[in-house]
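1. What follows is a protein structure lacking sequence information:
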């Protein structure tokens with residue numbers, strides 16, 4: 001199986017991926033955004049580096065999806081290839097930070113690559129309000145995230161909600177991060193695990 005965790009910047013994807021991989025003994029695959037060669041430049045000058053960043057992420061995610069399906073075991077993935085295409089790239093285009101020419105080029109690349117991969121068996125979406133995202137971003141202290149604007153997070157949240165409302169590629173589980181502190185509260189984590197168990201059992205019916 002392929003389990004994927006999706007959500008806005010600071011929603012807790014990496015933490016939940018680690019917790020679930022430890023509990024279920026799944027093979028975790030993490031988004032290594034810190035090592036992306038364009039990430040620091042992007043946050044300094046989004047308009048200049050938006051296309052390069054998105055193509056770089058697309059390339060890495062596509063390669064990882066191909067590798068995962070060849071592994072032959074259950075994997076939990078931190079962020080999906082779909083979020084770049086349906087959330088981040090369209091948002092950059094709408095904000096005038098990616099040209100229409102670059103956005104069309106990127107979209108064509110995504111359509112080609114996505115046709116060659118299999119969607120997650122279960123998508124776990126971490127829903128969080130902007131204040132919660134900001135608090136968790138500040139707590140983890142990544143230097144390149146210091147310049148993230150509130151309106152940027154808000155726009156991303158709106159696009160996440162629109163994407164999830166129409167998601168039909170596989171099973172979907174939504175976790176309300178504002179009301180579920182799976183990081184510090186063991187009961188909340190147990191509740192999340194129970195919901196995942198129910199979804200997984202449904203996959204084999």
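-> Cool, got the structure. Quick caveat, the model's predicted, so the values are computed rather than measured.
2. so where do the strands sit in the chain?
-> Ranges of strands within the chain are 2-7, 27-29, 75-78, 122-127, 171-176, based on DSSP state E.
3. How much space separates the residue positioned nearest the centre of the chain from residue 44?
-> The chain has residue 79 as the residue nearest its centroid, 2.9 Å off, counting by Cα atoms, centre = their mean. As judged by Cβ to Cβ, to the nearest Å, residue 79 and residue 44 stand 22 Å apart. Every residue, glycine included, has its C-beta placed from N, CA and C.
4. repeat for residue 152
-> 14 Å.
5. what about those two, which has more around it?
-> Using other Cβ atoms under 10 Å, the more surrounded residue of residue 152 and residue 44 is residue 152, with 17 against 11.
6. Hmm, residue 78 and residue 3 touching each other?
-> No: look at residue 3 against residue 78 with Cβ atoms under 8 Å: they stay out of range, at 10.4 Å.
7. So which of those two has more stuff around it?
-> Per other Cβ under 10 Å, whichever of residue 3 and residue 78 has more neighbours is residue 3, with 25 against 21.
8. mind listing the helices for the protein?
-> Counting by DSSP state H, one finds helices in the chain at the ranges 13-24, 39-44, 46-71, 81-83, 89-94, 100-114, 130-140, 150-165, 186-203.
9. Single out the most deeply packed of the ones you listed.
-> helix 81-83 (a mean of 21; mean count of other Cβ atoms under 10 Å).
10. average pLDDT for that helix?
-> The pLDDT scores in helix 81-83 average 94.
11. which helices and strands sit right next to that helix?
-> Judged by 3 or more Cβ pairs under 8 Å, 6 or more residues apart in numbering; DSSP states H and E, the packing partners of helix 81-83 are helix 46-71, helix 100-114, helix 150-165.
12. Show me what it is in contact with.
-> By Cβ atoms under 8 Å, 6 or more residues apart in numbering, the surrounding residues in contact with helix 81-83 are 6, 58, 61-62, 65, 110, 113-114, 117, 119, 160, 163, 169.
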